[in-house]
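> Fold the stuff below for me.
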Amino acid sequence: MVPIPAEYMPDFWSLLSTECPIVELTCLLPNGIIVLLKVNHNATLAEIKEDLWEEASRFPLYGKLHDISVYTFKIINSMAEEEELNDDLRKLCDIKPTGGVLIISECRGNSVDHSVNVAIGHLIGKGLQEFDALNSNEINDFRFKMRKMGDEISEKRNQGTWLDKLQYQFPPRLSQSDDVKFKGIKCICVETKCEYEIAEFERESLQSTFKLNVLPTTKPIELMEMILSKRANLNIKNESVTEYILKICGRDEYLVGDFSIIEFQYIQDCLLQDIIPSFLSVHINRILDNDYDYVDILEARKNKTVFNSTNTLRKKKNIESTWNISDNYTITLCTASKLNCDTKKSTEIGIQVGLFHGGKPLCQPVKTEERLVSEKCEVEFNVDLELDIEVWHIPRNAKLCFVIYESNKYFKGTKSRKPKEVKDSQINPIAWANTTVFDFKGYLRTGAMTLYLWTYAEDIMSDDVLHPLGTVVSNPNKEYCTALTLIFKSYGSDQNYTYPALETVINYGNSLQEINNSILETLTDETKESFLRLINDMDNFYDIYDQDRETIWSHRKFWIKHTPELFPKLLLCIDWNKREDVSQAIVLTRECPKLPIEKALELLDYAYADQVVRSFAVQCLQDMSDEDLLLYLLQLVQAIKHELYLDCDLVNFLIKRALDNQKIGHYLFWHLRSEMQVASVSVRFGLILEAYCRGSQEHIPVLQRQLKSIEKLKQCSEIVRNRRDKEKAKAALKEYIVNNSAKDIVRSPLDPSYRCNGIKIEKCRVMDSKMKPLWIVYENYDRYGEDVYLIFKNGDDLRQDMLTLQMLKIMDKLWKREGLDLRMNPYNCISLEPRVGMIQVVLNAETIANIQKEKNSFAPTASFRKGSILAWLKDHNTTEAALNKAIKEFTLSCAGYCVATYVLGIGDRHSDNIMVKKTGQLFHIDFGHILGHFKEKFGIKRERVPFVLTHDFVFVINKGQKTQQETPTEFKEFQDNCEKAFMILRKHGNLILSLFAMMISTGLPELSSEKDLQYLRETLVLSKTDEEAKAHFRAKFDEALSNSWKTSLNWASHNIAKNNKG
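Numbering: from 1, shown residues only. Next up is the predicted model:
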């Protein structure tokens, strides 16, 4: 007879003594694994759970487990009943589980969770069960933390007042510039409309409009008091000012807060355009009830189990610091399988491995011997590769890079993929992968791993075969991609190694500074100037002499104290392959004062990989305004790709700000959603989208309606594109809209403050372009607003347009900060999916080509005749004052776009890509070519001038005056504005370079490597003095003016080609 185990005996727990306190528990994990765990009988459940999770990490299927905090223990008690243990502080000796058996089960949410999960999965384009199936401990940990943070923010938001909720969904737009032109305004005329809620059917007849003259310093609540006093004259009484709010007519934007009305961007925009600001006084009940889109989920949330972390901060066993390992870093390469190469030829395969920090190598790369590929498309290596760097010098965010290459002496390369030179042989890279040296918890990777490699793309522009800027995510297409098995060396038989704690690193850095007398805190003026010149010549991509770097670094205390904005440059002076340098860089980061937003953004590009440095950059961004965050959001989303781990300060910052401001959430959602089909980021971006949607569940119905409308427009576009005849295409468009247009209220993805109430079929059309974009006109839900116009594109990649327009907005901001308003018109553009997006329509504007054609009967030669633009402006500005203002608008905007297109290298500037508004504002459209990637025909570049400045433009600037010997005053002012604008951009050259560097990871064909940024360095002439730079720009200006006939010739050829097509 099998003996009964002691744990099942009735007196087992009473017989335990202090001499023999150890109990062996049988733990049944939810992943189907049974773990036998020896613990002290006085241990708490929290301690048991922590030890159990550490032990479970050694067993299979550990990735199936979530964070320990979402699990509870169950036991069979002495009454033979199942009992759930919710108090993790209870001791094992008090619980006395029958048989010493602990059942670990997951705390389940309520039924609301399932429907929310389904909605989120549909919205982000990836089922949430796919995240579970990845069996990743890092993913599970990140999802738990994000859910906890989202629930906390959501609960706090739901407890706020109606005004808090209003400001969350419709945050006020406040001007960021202290513009002097508004300081002289003494009075502002505003128009207010009122609607009286007596009965719904009577509402149309009970409305009125008032015009009031108010001071610029008037507060919204004071303006509301004036309006209510006017209403009192109409016998509408007993109204409280706290019950009403001012809404901007035509859009969901409100004047709220303790601000002067002149501080609101809407008011300033109206004043610049000579438009009377128009408001609607709205009762607060109508705001809350009408399309606030709040889901009743708060009650469901209250019943959810609250998971408290069980981390006890006990010192883990067998944990050592990697700073105790003096051995060189070693890995073992085992097998490369599923190789994409021709086995019929005698193909030899080799592997190259490198260690990088950011884009910089930490040591020389190493290679295997090249070996023949077997018939199974496999190569057995089983070789140890030792890198020339000790483990204790490897920084926390080091990246291990692999490339598998084909070496064939007969391989000559192809036109699309040229062979790369490595020593004496020609190689053809076929697959690459990267991974981290430390895991997300800071533990040194040990043991076996399989990497699934990415196909080596032909557009990877790098002198090195390794791809350090690539993702650390393995290729999810595991069934078909190349696989590489490897083993990370274990430096102790039963020990885990972790990167030292931040406090340890700082203490070490401080101790080095105490014994190092080479740190100088003073600098002579002459030496300071020479070093400043040297520092300004240095950027992320160009090295300077080691001796100069060491000298600059030795004066770091001086620079941080007197010129802290040089901090990003100082970090480029050190090598990250020595722990001494790394620890001192961390100390310097902690000592650095808070940096301006523009300088902090520089620290988020790929060159700055250190976690502490990137966290410091995010700290500097904490106080940035919502408007500034929206301005730089495109780059911040791309900067996420340079983070090695899911849980990082940048992601936390963006999610928190999005959960506090739905407008930020809207654009964050679409920037992430548009790249969900990119395999390398789909999991990371999907997890961030899940975190946002879960924390802002009231936003889900709004986004669902947008997604539904986009799908309909895509279907319509595809039907229209199949109709070759123009009239048939137009008929197909109208037929589809009639059959599929429901009166769903949908917020515009371009600007969520506009609510659309259905498509106006009679105003829609198919545009003349290869992909047949759709000109769509929506009825504005607000009866006092104008229709909402947009262009829907399906088949064109709008990411480059979006980037260029964003850079124009940033340039406009930089100029306005210096008191230079060049009347730029960077319209809105958004990419929604790969090759799908929307563009804002600028109304009351015409292309230069159409203006010239209208004013000259023979279109092909119209581009050579000056006077057509001025004549067109006279037609639409009949008074002398209106015409003078239009000419001024034209002159200022022309200066802005001349400089912007020159600096950004915007190509394809023909007369159909430049437009003029009836008010005189000139602006450019269609940015398919940037950074000097100009169109060519028969090997000759079409753009042969630095920027477009034709005689037609000059004629307008000079107000139609004939050119005299002396340059007119108007043209001198125009040239001065161009020079000022250029010098301002040059002053912020490092910011512009960094913003483009952060976009390298987008995969844009014209921005794929550091080489593409060289164009910006050349146009901004950052290596020259201010005087030299000004002379350089003047030469470019003269070149553009003297060669304007070349632009006219290019335009004429474009007009002829267009007429032939027509």
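
> Could you break this protein into its assigned domains?
If you go by automatic domain parsing, the domain ranges for the chain are 6-108, 109-171+640-695, 175-289, 324-493, 500-624, 843-1061.

> Select from the ones you listed the stretch with the lowest mean pLDDT.
Lowest mean pLDDT within the domains of the chain: domain 175-289, a mean of 79.

> so what does the longest helix along the chain touch, helix or strand wise?
For the chain, the longest helix by residue count, based on DSSP state H, is helix 880-904. Here helix 880-904 touches helix 799-817, helix 868-876, strand 914-917, strand 922-924, helix 951-957, helix 969-987, helix 1014-1020, helix 1026-1042, going by 3 or more CB pairs under 8 Å, 6 or more residues apart in numbering; DSSP states H and E. (Glycine included, C-beta is placed from N, CA and C.)

> buried ones in that helix?
Neighbour counts over helix 880-904 (16 or more other CB atoms under 10 Å) mark 882-883, 886-904 as buried.

> tilt between that helix and helix 1026-1042?
Calculated by axes from the mean of the first three to the mean of the last three CA atoms, to 10 degrees, helix 880-904 forms an angle of 110 degrees with helix 1026-1042.

> now helix 880-904, how far from the centre of its chain.
Computed by CA atoms, centre = their mean, to the nearest Å, the chain-centroid distance of helix 880-904 equals 31 Å.

> One more: stretch 791-806?
Taking mean C-alpha positions (CA atoms, centre = their mean), stretch 791-806 and its chain are 16 Å apart.

> and it, average pLDDT?
93.

> residues making contact with it?
With contact meaning CB atoms under 8 Å, 6 or more residues apart in numbering, stretch 791-806 is reached by 631, 634, 674, 713-714, 717-718, 721, 767, 770-771, 773-776, 826-831, 834-841, 904, 906, 926-928, 930, 999, 1002, 1004, 1006-1007.

> So which of those belong to helices?
Going by DSSP H, the helices hold 631, 634, 713-714, 717-718, 721, 904 from those.

> Please check these and keep the buried ones.
Buried subset of those (neighbour count, 16+ other CB under 10 Å): 631, 634, 713-714, 717, 721, 904.

> mind listing the helices for the stretch 101-250 of the chain?
All helices of the stretch 101-250 of the chain, identified by DSSP state H, counting those that start in this stretch, fall at 111-124, 129-133, 137-158, 162-169, 220-232.

> which residues in the stretch 551-700 of the chain form helices?
So, for the stretch 551-700 of the chain - with DSSP H, counting those that start in this stretch - the helices run 556-562, 567-571, 579-591, 597-602, 611-621, 626-639, 649-660, 662-673, 682-695, 700-721.

> Can you mark which positions in the second one are buried?
I take that to be helix 567-571. Those buried within helix 567-571 under the rule 16+ other CB under 10 Å are 567-571.

> CSV for those, including distance to Asp782?
Shown next, in CSV, are those (distance: CB to CB, whole Å):
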residue, distance to Asp782
Phe567, 48
Pro568, 46
Lys569, 50
Leu570, 52
Leu571, 50
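
> of all those, which comes closest to Pro752?
Pro568 (34.3 Å; CB to CB).

> Let me know how buried the closest residue to that closest one other than its chain neighbours is, in neighbour terms.
Excluding the flanking residues, the one nearest Pro568 by CB to CB, 6 or more residues apart in numbering is Glu602, at 4.5 Å. For Glu602, the neighbour count with other CB atoms under 10 Å is 25.

> cool, and Asp67?
By other CB under 10 Å, 19 other residues sit near Asp67.

> Disregarding flanking residues, what is the spatial nearest neighbour of it?
Phe144 (3.9 Å).

> and if you look at Glu138?
Phe440 is the one closest to Glu138 (CB to CB, 6+ apart), at 4.4 Å.

> what number of residues lie near the one you found?
17.

> I'd say it and Leu646 touch.
Yes. The criterion here is CB atoms under 8 Å, and Phe440 meets it with Leu646 at 6.9 Å.

> Can you tell me how far Asp623 is from Ile597?
Distance, Asp623 to Ile597, using CB to CB, to the nearest Å: 9 Å.

> Same check on Thr967?
39 Å.

> what does Arg657 give?
14 Å.

> what does Ser868 give?
Taking CB to CB, one finds Ser868 at 43 Å from Ile597.

> Which one's more surrounded, the two?
Relative neighbour count places Ser868 above the other of Ser868 and Ile597, with 20 against 17, counting by other CB under 10 Å.

> which residue packs closest to the more buried one, ignoring adjacent ones?
Nearest to Ser868 is Lys855, by CB to CB, 6+ apart, at 3.7 Å.

> And for Glu84?
Lys74 (5.3 Å).

> partners of the one helix or strand that neighbour maps to in the sheet?
Element membership for Lys74 (DSSP states H and E) is strand 71-76. Using DSSP bridges, strand 71-76 pairs in its sheet with strand 82-85 (antiparallel), strand 101-106 (antiparallel).

> Contact partners for the residue nearest the centre of the chain?
The geometric centre of the chain, computed from its C-alpha atoms, lies nearest to Val637 (CA atoms, centre = their mean), at 1.5 Å. Shown in contact with Val637 (CB under 8 Å, 6+ apart): 654, 668, 671-672.

> what do you get for Pro568?
599, 602-603, 608, 990 are the contacts of Pro568 under CB under 8 Å, 6+ apart.

> what two of the residues you listed are the furthest from one another?
Maximum distance among the contacts of Pro568 (CB to CB): 12.9 Å, for Tyr608 and Asn990.

> if I look at the two, which residues touch both of them?
Common contacts of Tyr608 and Asn990 (CB under 8 Å, 6+ apart): 568, 602.

> Give me the spatial nearest neighbour of Val681, chain neighbours excluded.
According to CB to CB, 6+ apart, the nearest residue to Val681 is Glu675 (5.6 Å).

> Do I have it right that that neighbour meets Phe685?
Yes. If you go by CB under 8 Å, Glu675 and Phe685 touch, sitting 5.9 Å apart.

> ok, back up a step: what residues does the strand holding Lys74 touch?
Residues contacting strand 71-76 (CB under 8 Å, 6+ apart): 30, 45, 48-49, 82-86, 95, 97-99, 101-107.

> Repeat the analysis, applying 10 Å as the threshold.
27-30, 45, 48-49, 52-53, 65, 81-88, 90, 95-107, 305, 307, 310 (CB atoms under 10 Å, 6 or more residues apart in numbering).

> Same check on stretch 718-738?
712-713, 715-717, 758-762, 764-768, 770-776, 794-795.
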